[in-house]
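Enquirer: Just a sequence and a predicted model for now, questions to come.
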Amino acid sequence: MLVGAGDIADCNKAWDSLTANLMDTIPGTVFALGDNAYPSGTSSDYANCYAPTWGRFKARTRPVPGNHDYSTAGAAGYFGYFGAAAGDPAKGYYSYDVGSWHIIALNSSVAHWVGSPQEQWLRADLAANPMACILAYWHYPLFSSSTVEVDPQTQNFWQDLYDAGAELVLNGHHHDYERFAPQTPAGAVDPVYGIREIIVGTGGGEGLFPFGATAANSEVRNNETMGVLKLTLSDGGYTWKFIPVQGKTFTDAGSGTCHGAPGAPGNHPPTAAPGGPYSGVEGTAVTFDGSASSDPDGDALTYAWDFGDGATGSGVKPTHSYADNGPYSVTLTVSDTHSATSAPGTTTAAIANTPPTVNAGGSQTAKAGSPFTLSATFSDPGVKDSPWSYAIDWGDGSPQTSGSTTSQSNPLAATHTYAAGGTDTVRVIVTDKDGGSGTGKAAVTVTANKPPTAGFTTTCSALSCAFTDGSTDADGQVTAWSWSFGDGGTATSQNPSHTYAAGGTYTVTLTVTDNQGATGSTSKSVAVAAPNKPPTAAFSASCSGLTCGFTSSSSDPDGSISTYSWTFGDGKTATSQNPSHTYAAGGTYTVTLTVTDNQGATGSTAKTVTVAAANQPPTAAFTSSCTALTCSFTSTSSDPDGSIAAYSWTFGDGATATSQNPAHTYAAGGTYTVTLTVTDNQGATGSTSKTVTVAPPNQPPTAAFTASCSALTCSFTSTSSDPDGSISAYSWTFGDGATATSQNPAHTYSAGGNYTVTLIVTDNQGATGSTSHSVTVSQPNQPPTAAFTSSCTALTCSFTSTSSDPDGSISAYSWTFGDGATSTAQNPSHTYAAGGTYTVTLTVTDNQGATGSISKSVTVTAANQPPTAAFTSSCTALTCSFTSTSSDPDGSISTYSWTFGDGGTATSQNPSHTYAAGGTYTVTLTVTDNQGATGSISKSVTVTAANQPPTAAFTASCSGLTCSFTSSSSDPDGS
């Protein structure tokens with residue numbers, strides 16, 4: 001089978017994705033008719049446009065180039081992408097076989113005049129491959145209804161192909177679909193020996209082209225949809241079908257026969273003799289024999305069988321397995337080497353039904369009273385015997401379980417519950433749609449149920465008890481619980497709780513039931529205690545001054561008091577029975593007593609207690625504020641339990657005062673001790689003293705600073721001073737709008753120049769001083785920019801620095817190559833030990849010592865090593881299985897190409913192949929690795945045909961009662 005189109009991939013269009021989707025489900029060789037990657041067939045066009053869609057069929061594609069592919073010199077992108085599959089890059093033409101067909105791929109973009117190297121090669125190839133069926137394809141068409149140009153010189157191809165009896169020519173270039181009637185190279189209709197041309201420029205590239213006037217012999221045209229052409233090639237004929245992209249409806253289909261070359265001598269058609277009638281059973285191979293077929297001219301024959309069930313075959317003695325019983329009409333058609341075909345020969349094949357084979361699962365176990373699941377399987381060589389009915393006899397006299405299924409892959413699953421123990425034989429009977437039955441048996445051992453064991457534990461708090469089930473079942477599970485609590489109460493939950501009305505001892509009974517209905521029971525005595533009564537809290541208090549004594553008179557009706565908890569209303573607490581407590585101050589306090597009895601119950605009471613305190617003396621305190629020789633004094637004195645009634649000040653210079661907040665002017669500066677004595681409303685006194693410093697009038701500070709600059713950054717150091725105090729604040733303006741308030745700031749300017757810097761200082765009494773200086777700032781050095789390019793051939797890379805410095809020159813280079821090697825040359829080269837991706841770093845230094853750095857990833861590829869082809873084979877009768885054991889030392893194998901020595905081919909990794917006859921065949925495997933290198937190996941494989949049974953025959957001649965019998969029996973491949 002072949003499938004494909006031309007004018008395919010375009011990154012600006014989505015049609016090639018749609019046409020690629022069509023081929024996902026179509027096997028066989030893919031033909032690509034040129035202009036495969038728009039716009040110019042570059043390596044990038046193939047990688048970015050073709051590879052994501054049609055590239056997934058690359059391993060089975062046999063392409064030809066087009067004019068757009070040669071927009072890149074020598075079609076380098078095309079040959080680089082397809083590799084060996086595209087042929088010699090200097091030629092671009094090649095041939096191959098598909099079954100009994102010879103396929104020729106030509107290059108209409110290189111010389112093809114009569115006598116050109118390509119035309120001479122074509123004639124030689126046709127002479128060397130005298131196949132009955134020939135197909136050729138290239139890019140430019142000879143005939144077309146399109147408005148786009150044709151290539152008249154391709155008539156040279158046509159003439160050589162016509163002389164050799166070719167059947168089909170496929171072209172692209174014109175973005176449309178057009179099919180012509182068989183015709184001569186001159187364009188005359190020739191239904192006997194003519195070549196059928198089909199243009200399939202609908203792969204998806206660019207767009208569809210308009211038609212002009214309809215060309216002679218044009219049968220079908222369409223320029224409204226993209227799509228692909230599927231060709232099914234058989235011995236002696238072919239069918240075609242145009243498949244449109246999703247959403248379009250146009251299609252075209254038909255068939256043709258292989259006709260041979262014009263001028264063949266007077267040939268006579270062969271006669272088909274299919275043998276038979278044949279008989280067999282479904283699922284088992286039947287051997288057919290067409291060896292009695294003949295050709296009056298003695299030509300070799302090819303055989304085409306139709307087995308009557310949709311399957312076909314080839315060869316003299318093919319085998320075929322039927323999927324269903326029944327009578328089948330078998331047809332054989334034979335063709336000679338001149339493509340003459342016989343009239344169909346018919347025979348019959350009577351195929352008997354084969355009953356199903358049933359597997360009931362072997363010996364199994366079940367439990368009486370529990371569901372048992374049986375899972376049986378069956379197989380039937382008659383895969384079309386669906387539906388199958390089945391019946392399951394459980395072996396215990398119960399009704400059968402029956403059903404039907406349409407699949408052999410699904411188990412026949414059913415569930416049954418046995419009532420009693422023992423061993424039962426289960427029979428599973430499966431019957432196919434033709435009445436054939438098969439039976440499978442299984443022995444099921446059924447074990448009897450064991451009763452559960454009841455058990456529980458109890459936890460009680462006062463009158464409430466919690467019950468926890470601890471029951472078990474040895475061969476199943478407990479499913480029901482029945483509780484009796486001994487006071488008439490009951491429950492059915494697994495772990496119930498129950499509250500008794502009164503304390504006492506009760507008999508509790510638990511009865512449990514398992515999943516098969518058996519029961520078990522147990523009883524226990526449970527002691528229940530009546531609830532505790534809380535204690536009564538009570539106390540008395542007796543106070544003297546700030547100290548109070550407390551006496552508890554608390555009681556408990558049914559126990560004793562174990563703990564006491566007192567709160568005294570001032571944040572203090574106690575836990576003794578009869579505590580004493582001293583308050584910090586007089587007042588009314590709420591005292592609370594909480595008592596706890598021996599079972600944890602509590603009782604509480606609260607009382608108010610009044611406490612009277614003795615008078616507390618006042619606290620003297622003051623603040624002062626002085627301006628020059630005058631000071632203001634403010635009393636901040638206080639009395640904790642009354643008020644201040646009198647103030648007495650002494651100022652340390654002999655002066656006094658009695659006002660609350662006096663002012664006083666000293667005669668001279670100095671340090672003085674000031675004392676304040678206060679008297680409260682009950683006559684108690686308090687006193688305090690402080691030293692006060694009195695200063696003469698303040699002198700302003702002197703501002704001064706120095707500056708030191710490096711590039712745009714300047715450091716400023718204040719050398720300011722104050723004659724009678726200290727400097728408390730600094731205010732800087734740097735002449736560019738920036739400011740600072742630290743003592744010794746640093747400032748970075750945005751550009752060089754002369755700036756006026758001003759410093760204002762403030763002393764500890766608020767006086768200020770100011771100074772200004774001019775500061776010169778220089779522009780800084782700018783670092784260099786590192787840059788480089790690289791070029792690698794195999795493991796050796798050349799590096800070229802393109803670094804620059806905006807305000808100087810580069811004085812040094814430092815390279816690290818990512819594999820431990822370094823260099824200081826400006827433009828070094830380096831050879832790596834192995835392929836891989838390395839990080840290369842260049843650091844440059846300018847004439848003022850500034851540096852710049854850059855890193856890049858460099859991919860180094862070692863030279864590709866070709867793969868080694870190897871395989872093993874195993875043959876049974878005419879069928880051989882081939883297993884590739886090929887390997888690639890530095891990559892992976894991407895494609896496999898097998899030739900089996902009988903014209904058959906395959907591209908799978910591990911194919912199987914059935915030969916038409918026994919013999920010794922040369923099998924060749926060619927493998928291609930992921931970089932396009934190839935390796936090949938050939939081996940001889942000996943195939944032995946299966947033995948054919950003898951044919952019994954005899955004649956009889958009788959005279960009176962005496963008969964003579966003569967055997968004419970024969971054996972086709974033995975004696």
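Expert: That came through fine. No experiment lies behind these values; they were computed from the predicted model shown. Numbers count the residues shown, from 1 in each chain.
Enquirer: And what about residue 55, helix, strand or coil?
Expert: With DSSP: H, G, I helix; E, B strand; the rest coil as the basis, residue 55 sits in helix.
Enquirer: Residue 170: neighbouring residues, count only.
Expert: 27 (other Cβ atoms under 10 Å). Every residue, glycine included, has its C-beta placed from N, CA and C.
Enquirer: name the element it belongs to?
Expert: strand 168-171 (DSSP states H and E).
Enquirer: Measure how far that strand is from the centre of its chain, please.
Expert: Centroid displacement of strand 168-171 relative to its chain, using Cα atoms, centre = their mean, to the nearest Å, is 43 Å.
Enquirer: which other helices and strands contact that strand?
Expert: strand 133-137, helix 155-163, strand 196-200 (3 or more Cβ pairs under 8 Å, 6 or more residues apart in numbering; DSSP states H and E).
Enquirer: Select, out of those, the one closest to residue 970.
Expert: Of all those, strand 133-137 sits nearest to residue 970, with 35.6 Å by Cβ to Cβ.
Enquirer: Can you give the strand pairings for the closest one, parallel or anti for each?
Expert: strand 101-105 (parallel), strand 168-171 (parallel) (DSSP bridges).
Enquirer: What segments of this structure are helices?
Expert: Along the chain, counting by DSSP state H, helices occupy 15-23, 43-45, 76-82, 117-128, 155-163.
Enquirer: Correct me if wrong: residue 713 contacts residue 747.
Expert: Yes. Look at residue 713 against residue 747 with Cβ atoms under 8 Å: they come within range, at 7.2 Å.
Enquirer: the more surrounded of the two?
Expert: residue 747 (22 against 13).
Enquirer: Grab the nearest non-local neighbour of that one.
Expert: residue 734 (5.0 Å; Cβ to Cβ, 6 or more residues apart in numbering).
Enquirer: what residues are up against the one you found?
Expert: 714, 740, 747, 749, 755, 757 (Cβ atoms under 8 Å, 6 or more residues apart in numbering).
Enquirer: thinking again about what came up before, select, out of the strands paired with strand 133-137, the one closest to residue 361.
Expert: Using Cβ to Cβ, the strands paired with strand 133-137 put strand 101-105 closest to residue 361, at 52.2 Å.
Enquirer: Now the closest one: average pLDDT?
Expert: For strand 101-105, the mean pLDDT works out to 97.
Enquirer: How far off centre is that strand?
Expert: 43 Å.
Enquirer: ok, residue 659 - how many residues close by?
Expert: 10.
Enquirer: Dump the C-alpha coordinates for the strand holding residue 170 into CSV.
Expert: Extracted as CSV, the C-alpha positions of strand 168-171 are listed here (Å, rounded to 0.1, in the frame of the first residue of the first chain):
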residue,chain,number,x,y,z
LEU,A,168,0.6,4.9,-13.1
VAL,A,169,2.4,8.3,-12.9
LEU,A,170,1.9,10.5,-9.8
ASN,A,171,2.8,14.3,-9.8
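Enquirer: Let me know the average pLDDT across it.
Expert: Strand 168-171 comes out at a mean pLDDT of 98.
Enquirer: what's the answer for stretch 179-198, then?
Expert: Mean per-residue pLDDT for stretch 179-198: 93.
Enquirer: Any buried residues in it, and which?
Expert: Neighbour counts over stretch 179-198 (16 or more other Cβ atoms under 10 Å) mark 179-180, 182-185, 187, 190, 193-198 as buried.
Enquirer: Any chance of the strands paired with strand 133-137 in a markdown table with distance to residue 685 as columns?
Expert: Below are the strands paired with strand 133-137 laid out as a markdown table (distance: least, Cβ to Cβ, whole Å):
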| stretch | distance to residue 685 |
| --- | --- |
| strand 101-105 | 127 |
| strand 168-171 | 128 |
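Enquirer: how about the ones you listed, which one is nearest residue 457?
Expert: The nearest among those, by Cβ to Cβ, is strand 101-105 at 88.1 Å.
Enquirer: Contacts for the helix-or-strand element of the chain with minimal mean pLDDT, please.
Expert: Least confident helix or strand, the chain: strand 954-959 with a mean of 81, by mean pLDDT, DSSP states H and E. Applying Cβ under 8 Å, 6+ apart, the external contacts of strand 954-959 come out as 963, 964, 965, 966, 967, 968, 969.
Enquirer: What's the separation between the nearest residue to the second one once chain neighbours are set aside and residue 966?
Expert: Put plainly, it is residue 964. Residue nearest to residue 964 in three dimensions, not counting chain neighbours: residue 957, with 4.8 Å by Cβ to Cβ, 6+ apart. Separation of residue 957 from residue 966 (Cβ to Cβ, to the nearest Å): 8 Å.
Enquirer: now do residue 61
Expert: From residue 61 to residue 966 the distance is 63 Å (Cβ to Cβ).
Enquirer: between those two, who's got more neighbours?
Expert: The neighbour comparison of residue 61 against residue 966 (other Cβ under 10 Å) goes to residue 61, with 18 against 9.
Enquirer: Surely residue 287 and residue 317 touch.
Expert: Yes. With contact defined as Cβ under 8 Å, residue 287 reaches residue 317; the gap is 5.9 Å.
Enquirer: hey, what's in contact with both of those two?
Expert: residue 948.
Enquirer: who has more neighbours, these two?
Expert: Taking neighbours as other Cβ under 10 Å, residue 287 and residue 317 compare with residue 317 leading, 20 against 16.
Enquirer: check contacts around the nearest residue to residue 395 once chain neighbours are set aside.
Expert: Excluding its sequence neighbours, the residue lying closest to residue 395 (Cβ to Cβ, 6+ apart) is residue 424, at 3.5 Å. Residue 424 makes contact with 394, 395, 396, 418, 443, 444, 446 under the criterion Cβ under 8 Å, 6+ apart.
Enquirer: Next one: the last one from residue 425, what distance?
Expert: Okay, so that is residue 446. 12 Å.
Enquirer: repeat for residue 769
Expert: Taken as Cβ to Cβ, the span from residue 769 to residue 425 is 121 Å.
Enquirer: Which residues are in contact with residue 794?
Expert: By Cβ under 8 Å, 6+ apart, the residues touching residue 794 are 860, 861, 862, 863.
Enquirer: right, and the third one touches residue 831 too?
Expert: Translated: residue 862. No. Using Cβ under 8 Å, residue 862 is not in contact with residue 831; the gap is 11.5 Å.
Enquirer: list the residues that contact both of these two?
Expert: residue 795.
Enquirer: returning to that earlier point: which one's more surrounded, residue 446 and residue 425?
Expert: Shown here are residue 446 and residue 425; by other Cβ under 10 Å, residue 446 has more neighbours (22 against 13).
Enquirer: Can you spell out which residues form a bridge with the more buried one?
Expert: Counting by DSSP bridges, residue 446 forms beta bridges with residue 366, residue 422.
Enquirer: Correct me if wrong: it contacts residue 418.
Expert: Yes. Under the criterion of Cβ under 8 Å, residue 446 makes contact with residue 418 at 4.4 Å.
Enquirer: residues shared between the contacts of the two?
Expert: The contact sets of residue 446 and residue 418 overlap at 366, 367, 368, 372, 424 (Cβ under 8 Å, 6+ apart).
Enquirer: Does the third one touch residue 418 like I think?
Expert: The one in question is residue 368. Yes. Proximity of residue 368 to residue 418 meets the contact threshold set by Cβ under 8 Å, at 5.3 Å.
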